[in-house]
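# let me see the structure of the following:
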Amino acid sequence: MALHDHGLTPKPAYVPDDRVVDIDMYNPANVSADFHLAWKAIQDEARYNVMWTPRNGGHWIALRGDALTGALNDYETFSNRIILVPRSIGELHNMLPTTLDPPEHRAYRNVINPGFVPSRIRGLEPTIRSIAVELIETVRASGACNLITAYAEQFPVRVFLAMVDLPLADATKLKRLSDQLVRPDGSMTYEEIRQAFDAYARPYIEARRANPGDDFFSEIVNAKVGGRELTFDECINFITQILIAGLDTVVNFLGYLFLYLARNPEDRQRLAADKSLIPAAVEELVRRYGLVTIGRLVTRDTDFHGVTLKKDDMMVLPTQLHGLDERQNADPMKVDFARPPHRHSGFGKGPHHCVGAPLARVEIRITLEEWLSRIPEFSLAPGAEIECMGGIVGCVRDLPLVWDPATTRKTT
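Prediction:
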């Protein structure tokens, strides 16, 4: 069974008729043309902040910034215990610490927090920059590349594998499994995906427990929670969650970032000419091109944005809609590097705010610094047809770019 299904669930009697809308979060209407415009159209057409869809087991869906942040921040009502729909699949997704709520969540989150503290990320910057430069130099003189395969799918994966000291040769296999989890095509069941991750991680867990290194993987599998060692299943759940986070979100964000820069030469040239603009540009682009659609389990009957939710309902949160909500950000579809402030949920909110956000921001910043220093002028290949995909994390399938090699430069 694929992660999502196309059957329709009968509307419960307590759901008002005017709250029903047909939304498949894995494949919203017109998503292939533009992921963000597809979701923005859903937001604009919805009568209320919170609607109900019969797709994927039947669930509520929050469509405005205040509803999204309200659910993300209220873990007592909107639990992380189930974060995928349909619920029958979400119940199998028990990765740590994502599917735990406070206070239990904190002890497990503390296992991975040290890997992403600012001092550690600063220490990684030379490695991150070296990887970026190597990949850019590989394509610079050629005058063309598919940004997705030549850079986006390789850069954050190489950074992550360096952090956890896993073989670079495993990147392709791990990325394929990650894609099956966040954008399933039906070729593997959810159980098969998890079994494949388990089979991959178990030998490394055993080896790092027997002979710990100074890498992040070793720190995780030898950590203690509540004074006890982690079980093997807990270690596998931890590692699988971090692998997915490291192998997917930044990969797909880079696709949208370069698509924007290819289509907007004035902004690209501004960043190339003045690198001091890049940190603000990163935040604005994260706002404009949010990617993640996640679920929550309703823990108790509650009134939420004018509708009654029932215990055990599912609520889906397309976090990209926070940044695109004109009630939160004026002219939200426009990219404005001087926008103050940036209201978005690109890295989540509340206790489950993305622990890897500091690393992601550094990866994006360094990518812009190094790419624009070497290839400041580029555009979409003539006749290129850009196709987007939905899923738990949206993406651009391919991004063919071209440039004149004579306009590039090799810098030190």
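# please make it C-alpha for all contacts and neighbour counts, starting now.
OK.
# just to check, E370 is in contact with V133?
Yes - contact criterion CA atoms under 8 Å: E370 and V133 qualify, at 6.4 Å.
# can you give me the helices in the stretch 101-250 of the chain?
For the stretch 101-250 of the chain, the helices defined by DSSP state H, counting those that start in this stretch occupy 104-112, 118-140, 147, 155-164, 171-182, 190-210, 216-221, 232-263.
# for the longest one, list every residue counted as buried.
Across helix 232-263, burial judged by 16 or more other CA atoms under 10 Å covers 234-262.
# quick one: mean pLDDT over that helix.
Averaged across helix 232-263, the pLDDT comes to 88.
# what does the helix or strand just after it contact?
Next helix or strand after helix 232-263 toward the C-terminus (DSSP states H and E): helix 265-273. With contacts defined as CA atoms under 8 Å, 6 or more residues apart in numbering, helix 265-273 is touched by L261, A262, L277, I278, E369, L372, S373, P376, E377.
# wait, a helix at the last one?
No - the assignment for E377 by DSSP: H, G, I helix; E, B strand; the rest coil gives coil, which leaves it out of any helix.
# give me the contacts around stretch 291-304.
Against stretch 291-304 from outside (CA under 8 Å, 6+ apart): 25, 76-85, 249, 253, 308-320, 346, 391-395.
# that older thread, mind putting the helices of the stretch 101-250 of the chain into JSON lines with distance to R327?
Listed next are these as JSON lines, based on distance: least, CA to CA, whole Å:
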{"stretch": "helix 104-112", "distance to R327": "32"}
{"stretch": "helix 118-140", "distance to R327": "33"}
{"stretch": "helix 147", "distance to R327": "34"}
{"stretch": "helix 155-164", "distance to R327": "33"}
{"stretch": "helix 171-182", "distance to R327": "29"}
{"stretch": "helix 190-210", "distance to R327": "37"}
{"stretch": "helix 216-221", "distance to R327": "41"}
{"stretch": "helix 232-263", "distance to R327": "23"}
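# that older thread, among the contacts of stretch 291-304, the buried ones, what's the PyMOL command?
The following PyMOL command selects only the buried members of the contacts of stretch 291-304, with burial defined by 16+ other CA under 10 Å:
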select buried, resi 25+77+78+79+80+81+82+83+84+85+249+253+309+312+313+314+315+316+317+318+319+320+346+391+392+393+394+395
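# give me the subset of the contacts of stretch 291-304 lying in helices.
Using DSSP state H, the subset of these located in helices is T249, F253, Q320.
# so which helix or strand of the protein has the lowest pLDDT on average?
helix 171-182 (a mean of 80; mean pLDDT, DSSP states H and E).
# one step back: now the ones in helices among the contacts of stretch 291-304 in CSV, please, with extra columns for distance to A38.
Below are these laid out as CSV (distance: CA to CA, whole Å):
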residue, distance to A38
T249, 19
F253, 17
Q320, 11
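# let me know the closest of those to P156.
Within the ones in helices among the contacts of stretch 291-304, proximity to P156 (CA to CA) peaks at T249, which comes in at 9.1 Å.
# that closest one contacts V393, doesn't it?
Yes - T249 lies in contact with V393 (CA under 8 Å); the separation is 6.7 Å.
# the stretch 301-412 of the chain: helices as residue ranges?
For the stretch 301-412 of the chain, the helices defined by DSSP H, counting those that start in this stretch cover 320-323, 357-374.
# which elements pack onto the longest one?
Applying 3 or more CA pairs under 8 Å, 6 or more residues apart in numbering; DSSP states H and E, one finds that helix 357-374 makes contact with helix 118-140, helix 232-263, helix 265-273, helix 278-288.
# tabulate the CA atom coordinates of the shortest one in PDB.
It refers to helix 265-273. The C-alpha coordinates for helix 265-273 follow below in PDB (Å, rounded to 0.1, in the frame of the first residue of the first chain):
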ATOM      1  CA  PRO A 265      18.000  37.800 -12.500                       C
ATOM      2  CA  GLU A 266      17.800  41.200 -10.600                       C
ATOM      3  CA  ASP A 267      17.600  39.600  -7.200                       C
ATOM      4  CA  ARG A 268      20.300  37.100  -8.200                       C
ATOM      5  CA  GLN A 269      22.600  39.900  -9.300                       C
ATOM      6  CA  ARG A 270      21.900  41.800  -6.100                       C
ATOM      7  CA  LEU A 271      23.000  38.900  -4.000                       C
ATOM      8  CA  ALA A 272      26.000  38.200  -6.200                       C
ATOM      9  CA  ALA A 273      27.100  41.900  -5.800                       C
END
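# for that helix, buried residues please.
D267, R268, L271, A272.
# try the first one
When neighbours are counted by 16+ other CA under 10 Å, the buried residues of helix 118-140 are found to be 121, 124-125, 128-129, 131-133, 135-137, 139-140.
# do the same with stretch 355-372
Of all the residues in stretch 355-372, those buried under the rule 16+ other CA under 10 Å are 355-356, 359-372.
# model confidence over that stretch, on average?
Rounded mean pLDDT across stretch 355-372 is 96.
# so K224 makes contact with L230?
Yes - at 5.9 Å, K224 counts as touching L230 under the criterion of CA under 8 Å.
# centroid residue for the protein?
Most central in the chain under CA atoms, centre = their mean is T249, positioned 3.3 Å from the mean C-alpha point.
# where's it relative to E369, distance?
Using CA to CA, to the nearest Å, T249 is found at 20 Å from E369.
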